[in-house]
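K.L.:
The following block contains a protein sequence and its predicted model.
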Amino acid sequence: MYLPSFSLHNKLAAVTGATKGIGYAITMAYAEAGADIIVIARTEEDVHRVVQEVKSYGQKGYPVVADVKDYLSIISQIEATIPDESTIDIWVNNAGMNIRNNALEVQDEEWEQIVQTNMKSAFFLSQYAARQMKDKQEGKIINISSVAGHVALRTGVVYGMTKSALIQMTKTLALEWGEYNIHVNAIGPWYFNTPLTEKLLKNEEYVEEIKSRTPMRRIGELKELAGTAVFLASEASNYMTGQTLFVDGGMTIYGF
Ligand SMILES: NC(=O)C1=CN([C@@H]2O[C@H](COP(=O)(O)OP(=O)(O)OC[C@H]3O[C@@H](n4cnc5c(N)ncnc54)[C@H](OP(=O)(O)O)[C@@H]3O)[C@@H](O)[C@H]2O)C=CC1
Ligand SMILES: C[C@H](O)[C@@H]1OC(=O)[C@H](O)[C@@H]1O
């Protein structure tokens, strides 16, 4: 009676950056929880591989091969691919990138790449998803931010700005869309082993420094993040919106 369902059966989820790292872990967890998935990324063979993996769970998988910066292409591919009667229940803005640079050296071109990929795409794709969620008076939007959006990291000021922006976007969209029963939340990961961080995490000294700033003294496992994403996509989080859940081994609360 008090245990909500964490099932995503009969739900259609869209995940940007669904073929590697955090997005792939979320995609697989969602498929295992019963969702059909729109698999979005730039590399065609990876997208089709992951669609097949989604289907191996007995769920439908829909390929969308595009760069999130070209969000209109994503929208038109979705409109052409999913059945007319289907609408999106869950949208995960996961795709993101970083060009690690000192503030004094940042160039305009880097700024544009990071801002368009991490921030602009997340807003306009959320807007697209919310228009159909509003019609059916329900939906879940999950933004993958970062601890870098909450505390200062030396891994790039522009990246941190975009991740902060996602946290603020989460709050404001939650405010505007709450009356439509659209829940907008974010996840703020600390380091996880993915292609984005692979090179960094090969440096043992750097990993020791990460652990020294992490109360749990270890780097997270991707399934420990996927669990939070399932919670935020399921009815278990139906009275939660505008929040950012830091999945960080305690890093953001570590003062001294
Ligand atoms: N890993 C970590 O420690 C942390 C990651 N994050 C955030 O989590 C998210 C995922 O990170 P992570 O899994 O590490 O990233 P990865 O680079 O490991 O994977 C990124 C995924 O997104 C896709 N992708 C990358 N750029 C684009 C693009 N422009 N358009 C469409 N798809 C794209 C990639 O596929 P393809 O190249 O084929 O497009 C791949 O599927 C990011 O937003 C990142 O900022 C936050 C905190 C920590
Ligand atoms: C924790 C950060 O988000 C992490 O820092 C980096 O260098 C990578 O860009 C990751 O996103």
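P.N.:
Yep, it's here. Ligands and ions are numbered 1, 2, ... in the order given.

K.L.:
show me where the stretch 1-150 of the chain has helices.
P.N.:
21-32, 44-55, 71-81, 108-115, 121-135 (DSSP state H, counting those that start in this stretch).

K.L.:
Tabulate the ones you listed (CSV), appending mean pLDDT.
P.N.:
Shown next, in CSV, are the helices of the stretch 1-150 of the chain (pLDDT from 0 to 100):
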stretch, mean pLDDT
helix 21-32, 98
helix 44-55, 98
helix 71-81, 98
helix 108-115, 98
helix 121-135, 98
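
K.L.:
if you compare those helices, which one is most tucked away?
P.N.:
Per-stretch averages of neighbours, counted by mean count of other CB atoms under 10 Å, single out helix 21-32 among these, with a mean of 24. Using the backbone N, CA and C atoms, a C-beta is placed for each residue, glycine as well.

K.L.:
what about that one, distance to the chain center?
P.N.:
When C-alpha coordinates are averaged (CA atoms, centre = their mean, to the nearest Å), helix 21-32 and its chain have centres 10 Å apart.

K.L.:
likewise stretch 31-40?
P.N.:
Distance of stretch 31-40 from the chain centroid (CA atoms, centre = their mean) equals 14 Å.

K.L.:
quick one on the thing from earlier: CSV please, covering the helices of the stretch 1-150 of the chain and showing distance to ligand 2.
P.N.:
Conversion of the helices of the stretch 1-150 of the chain to CSV gives the following (distance: least, CB to the nearest ligand atom, whole Å):
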stretch, distance to ligand 2
helix 21-32, 9
helix 44-55, 20
helix 71-81, 21
helix 108-115, 10
helix 121-135, 15
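
K.L.:
Using TSV, lay out the ones you listed together with distance to residue 64.
P.N.:
Shown next, in TSV, are the helices of the stretch 1-150 of the chain (distance: least, CB to CB, whole Å):
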stretch	distance to residue 64
helix 21-32	12
helix 44-55	7
helix 71-81	5
helix 108-115	21
helix 121-135	11
